[in-house]
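In: with the input below, show me the fold.
(one chain, ligands or ions: 1)
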Amino acid sequence: MTEPAGMTEPEGMTEPMMPLTRTHTWLPPLPPESLAGFSGEQLLREILEGRVPPPPIASTLGIELLEVRPGEVEFEGESGGHLLNGYGMLFGGYLASLLDCALGSAVLTLLPAGTGQTTVQMNVNIVRPAHAGTGPLRCVGRALHVGRSIATSEATVTGAGDGKLYAHGTTTCAVVGRG
Ligand SMILES: CC(C)(COP(=O)(O)OP(=O)(O)OC[C@H]1O[C@@H](n2cnc3c(N)ncnc32)[C@H](O)[C@@H]1OP(=O)(O)O)[C@@H](O)C(=O)NCCC(=O)NCCSC(=O)Cc1ccccc1
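Out: From the prediction side, this is the model:
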């Protein structure tokens with residue numbers, strides 16, 4: 001990929017624009033057969049306690065699992081400058097990713113060993129713009145229905161500092177075999 005260095009400053013800017021860098025590390029996912037014995041809640045607890053690596057996307061986007069309860073999970077997301085759109089607002093797709101983590105994991109907490117969930121449809125509302133200064137975001141997901149073939153859940157994104165609602169969403173997941 002080409003470096004952004006050497007960009008011409010937009011008219012009116014006197015300071016030179018400095019390129020920024022961010023480094024992150026991740027572990028590849030474990031083979032699915034090694035996770036097959038865990039219920040969904042156990043699997044999330046293994047991740048929470050550092051015995052199973054979190055999904056690579058979590059590290060890439062700076063999304064961290066904070067709490068696991070039956071039917072409910074809590075994640076923390078960032079609002080760093082690398083997650084902004086061109087208008088300086090937190091990218092809508094990032095908020096959708098944060099919601100997707102919580103929506104799917106809330107369902108997973110109620111699934112027995114040998115089953116998992118996969119997102120089929122999700123609905124996202126972004127009700128307030130978040131910026132680089134917004135600080136950490138809390139995303140709580142709650143399972144609403146877990147059936148034999150489909151499951152539904154809801155989630156909210158609030159500012160950890162200001163308590164304001166930034167986004168909320170719902171999903172329909174398929175309950176699938178795992179392992
Ligand atoms: C404006 C509206 C859509 C509707 O607001 P309503 O509910 O009818 O109005 P209400 O007056 O009740 O205000 C509620 C809160 O909203 C704030 N606010 C209101 N108007 C403005 C304004 N003009 N500018 C700034 N803030 C405004 C207002 O201060 C208040 O917050 P506060 O209580 O003070 O803390 C609002 O829900 C919103 O901004 N949502 C977030 C959308 C978002 O961030 N999307 C993701 C980024 S897009 C993307 O990434 C996609 C993309 C792809 C490719 C390329 C580029 C982009």
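
In: helices of the chain, residue ranges please.
Out: Ranges of helices within the chain are 40-48, 56-61, 92-108, based on DSSP state H.

In: looking at those, which one has the lowest mean pLDDT?
Out: Mean pLDDT is lowest for helix 56-61 among the helices of the chain, at a mean of 94.

In: report the buried residues of that one.
Out: Buried positions in helix 56-61, judged by neighbour count with 16 or more other CB atoms under 10 Å: 58, 61. In this view, the C-beta of every residue, glycine as well, is placed from N, C-alpha and C.

In: can you check stretch 82-95 too?
Out: Using 16+ other CB under 10 Å as the test for burial, stretch 82-95 gives 83, 84, 89, 90, 91, 94, 95.

In: in a markdown table: those, plus distance to the ligand.
Out: As requested, the buried residues of stretch 82-95 are exported to a markdown table (distance: CB to the nearest ligand atom, whole Å):
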| residue | distance to the ligand |
| --- | --- |
| 83 | 10 |
| 84 | 8 |
| 89 | 4 |
| 90 | 6 |
| 91 | 4 |
| 94 | 8 |
| 95 | 7 |
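
In: and the residues you listed, which two are furthest apart?
Out: Greatest spatial distance among the buried residues of stretch 82-95 (CB to CB): 84 and 95, at 11.9 Å.

In: contacts only, for residue 172.
Out: Each residue near residue 172 by CB atoms under 8 Å, 6 or more residues apart in numbering is listed here: 120, 121, 122, 150, 151, 152.

In: what about residue 134, neighbour count?
Out: Using other CB atoms under 10 Å, residue 134 is surrounded by 20 other residues.

In: now do the same for it: its pLDDT.
Out: At residue 134, the pLDDT value in this model is 96.
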